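Undergrad: using only what follows, build the 3D model:
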Amino acid sequence: MIDFSYKTITGEDGGKTAHFSLQGELTIANAEALRQTLVAALDECGELVVDGSAVSELDLAAMQLLCALHRAAVARGKNVVLRGIEDGCWPEALALAGFSRHEGCAHTTDKTKCLWCS
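TA: As a prediction, the model looks like this:
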């Protein structure tokens with residue numbers, strides 16, 4: 001089971017940032033509920049900061065969901081930042097799925113803008 005919460009912070013410039021905290025199993029069983037919340041936050045905010053440091057399990061569906069969210073954000077001129085993926089279940093899961101990168105994907109012109117770049 002995944003537990004997630006977020007808060008929206010309005011900056012001095014009026015821009016909104018949603019800060020997500022994920023905890024537990026980030027798997028296909030929980031992907032739809034998380035997707036709905038992330039998309040709603042993306043609609044109302046210019047930036048999403050997702051903390052995955054407390055994720056205990058991760059599968060390919062979750063990685064694809066986060067990647068699709070990032071692509072949607074880039075297409076809208078918005079930003080998604082993924083934190084806390086250096087340890088825990090993330091490194092092995094990303095490597096096994098082929099998501100570990102040193103350069104951004106083809107979906108952005110800024111090759112440093114990729115969730116999976118190390």
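Undergrad: any idea how far residue 82 is from the residue most central in space within the chain?
TA: The chain has residue 66 as the residue nearest its centroid, 4.4 Å off, counting by CA atoms, centre = their mean. Distance, residue 66 to residue 82, by CB to CB, to the nearest Å: 7 Å. For glycine as for every other residue, the C-beta is placed from the backbone atoms N, C-alpha and C.
Undergrad: same question, residue 47
TA: 12 Å.
Undergrad: repeat that for residue 88.
TA: Look at residue 88 and residue 82: by CB to CB, they are 13 Å apart.
Undergrad: likewise residue 23?
TA: Taking CB to CB as the measure, residue 23 falls 15 Å from residue 82.
Undergrad: neighbour count for the two, which is higher?
TA: Neighbour tally, residue 23 and residue 82, criterion other CB atoms under 10 Å: the higher count belongs to residue 82, 20 against 16.
Undergrad: spit out the contact partners of that one.
TA: Applying CB atoms under 8 Å, 6 or more residues apart in numbering to residue 82 gives the contacts 50, 52, 66, 115.
Undergrad: make JSON lines from the residues you listed and add pLDDT and distance to residue 60 to it.
TA: Listed next are the contacts of residue 82 as JSON lines, based on pLDDT from 0 to 100; distance: CB to CB, whole Å:
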{"residue": "50", "pLDDT": "94", "distance to residue 60": "17"}
{"residue": "52", "pLDDT": "94", "distance to residue 60": "15"}
{"residue": "66", "pLDDT": "92", "distance to residue 60": "11"}
{"residue": "115", "pLDDT": "71", "distance to residue 60": "14"}
